[in-house]
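Undergrad: The following block contains a protein sequence and its predicted model.
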Amino acid sequence: HKLEEKKMRQIKEIHIHCSATKEGVKNNITAQEIRKWHMSEPRNWSDIGYHVVIGMGAIEGGRPLHKIPASSKGRNSNAIAICYVGGLDANGKAKDTRTPKQKEMLIKVIKNLKKLYPKATIHGHRDLSKDKDGDGVEKHEFMKMCPCFDAEVEYMEFQPKNFKPLSKAGKDYLKNKNAK
């Protein structure tokens with residue numbers, strides 16, 4: 001499917017995920033393989049959870065954009081989910097494993113989505129965790145490390161005016177930027 005599909009849902013958020021696969025082991029994970037994982041035990045979802053998969057050398061379509069993703073419980077109805085292949089080091093520890101090409105492709109997808117949904121905010125999956133102490137979501141509150149980088153900060157230039165970060169990193173970034 002194409003990113004130019006008709007706007008069938010009101011999109012307020014773009015969620016960035018990682019596939020939680022090890023770097024250097026099997027980098028040719030495809031949307032079709034992730035679809036198999038999501039549609040089998042224990043998940044048994046109706047389709048792949050993500051709308052877009054950023055592989056090692058290609059952007060692949062997943063779930064059609066007009067369908068609600070399986071992205072983050074309680075935040076799916078107005079979201080689009082993007083996943084990059086990677087997110088773990090060779091020992092299975094969380095790590096930003098994006099290649100320069102994947103970073104470039106992520107920006108391309110985000111720019112295209114922002115043309116369609118200019119008011120959509122961009123968040124890493126972990127930024128959607130519960131902020132237990134009220135100062136912004138931070139490492140000790142992450143439900144998962146995914147996507148293993150500060151997506152709100154990295155994509156700040158694409159955030160809408162008056163963006164209110166969920167993450168402590170995003171809040172601190174804006175506070176420091178506004179203090180200058």
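TA: Received the coordinates, thanks.
Undergrad: The residue lying closest to residue 136 once chain neighbours are set aside: neighbouring residues, count only.
TA: Counting by C-beta to C-beta, 6 or more residues apart in numbering, the nearest residue to residue 136 once its immediate chain neighbours are dropped is residue 168, at 3.3 Å. Backbone N, C-alpha and C define where each C-beta goes, glycine included. Residue 168 has 19 neighbours, counted by other C-beta atoms under 10 Å.
Undergrad: Could you pull out the helices in this protein for me?
TA: Ranges of helices in the chain, per DSSP state H, are 31-39, 100-116, 151-154, 168-179.
Undergrad: So, low pLDDT: which residues of this structure?
TA: Applying pLDDT under 70 to the chain flags the ranges 1-7, 25-27.
Undergrad: burial of residue 158, as a residue count?
TA: Applying other C-beta under 10 Å, we find 17 residues neighbouring residue 158.
Undergrad: OK, contacts around it?
TA: 110-111, 114, 122 (C-beta atoms under 8 Å, 6 or more residues apart in numbering).
Undergrad: Among those residues, which pair sits farthest apart?
TA: Greatest spatial distance among the contacts of residue 158 (C-beta to C-beta): 111 and 122, at 11.1 Å.
Undergrad: Looking at the two, which is more packed in?
TA: Just comparing residue 111 and residue 122: by other C-beta under 10 Å the higher neighbour count belongs to residue 122, 25 against 11.
Undergrad: Is it correct that the more buried one is in contact with residue 110?
TA: Yes: using C-beta atoms under 8 Å, residue 122 is in contact with residue 110, at 6.5 Å.
Undergrad: Overlap in contacts, these two.
TA: Counting by C-beta under 8 Å, 6+ apart, the common neighbours of residue 122 and residue 110 are 14, 155, 158.
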